[in-house]
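S.K.: need a 3D model of the sequence below.
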Amino acid sequence: MIGLPDDRLGEIAAAIISIKDGETATEDEINEYCTALPRYKRPRKIILDDVPRNPTGKIEKPKLREKYCGGRLVEVQTTK
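M.R.: Have a look, this model is predicted:
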């Protein structure tokens with residue numbers, strides 16, 4: 001999961017999913033699985049793509065943000 005820029009909300013949750021070799025999953029199956037999650041945990045966008053990992057197997061979120069957000073951070077307006 002990463003945050004993608006959104007004009008209205010500032011940021012939306014996106015799930016980037018990598019399907020294992022020999023496995024299958026349709027977009028409908030993934031959406032159905034997500035409906036079992038609480039509404040606030042559901043991704044607004046689902047992206048099927050390879051997930052970059054470092055040599056120890058951890059997901060490299062900065063590379064995902066660079067690819068899908070252009071590396072820019074989303075500035076969130078706060079009220080005091």
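S.K.: which residue ranges of this structure form strands?
M.R.: 2-6, 10-17, 45-48 (DSSP state E).
S.K.: JSON lines for those strands, including distance to Leu64?
M.R.: Bear in mind the C-beta positions are built from the backbone N, C-alpha and C, glycine included. Below are the strands of the chain laid out as JSON lines (distance: least, C-beta to C-beta, whole Å):
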{"stretch": "strand 2-6", "distance to Leu64": "5"}
{"stretch": "strand 10-17", "distance to Leu64": "6"}
{"stretch": "strand 45-48", "distance to Leu64": "9"}
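S.K.: need the contact list for the closest residue to Thr35 other than its chain neighbours.
M.R.: Using C-beta to C-beta, 6 or more residues apart in numbering and skipping residues adjacent in sequence, the residue nearest Thr35 is Arg42, 7.4 Å away. By C-beta atoms under 8 Å, 6 or more residues apart in numbering, the residues touching Arg42 are Ala13, Cys34, Thr35.
S.K.: related to what we said a few turns ago, of all the strands of the chain, which one is nearest Pro62?
M.R.: The closest of the strands of the chain to Pro62 is strand 2-6. By C-beta to C-beta, the value is 9.8 Å.
S.K.: quick one, that closest one and strand 10-17 angle?
M.R.: 140 degrees (axes from the mean of the first three to the mean of the last three C-alpha atoms, to 10 degrees).
S.K.: from the contact counts, what lies against strand 2-6?
M.R.: On a contact count with 3 or more C-beta pairs under 8 Å, 6 or more residues apart in numbering; DSSP states H and E, strand 2-6 meets strand 10-17, helix 61-69.
S.K.: what's opposite the residue lying closest to Lys41 once chain neighbours are set aside in the beta bridge?
M.R.: Among residues not flanking Lys41 along the chain, Ala13 sits closest, at 7.9 Å (C-beta to C-beta, 6+ apart). Counting by DSSP bridges, Ala13 is bridged to Gly3.
S.K.: much appreciated, bye for now.
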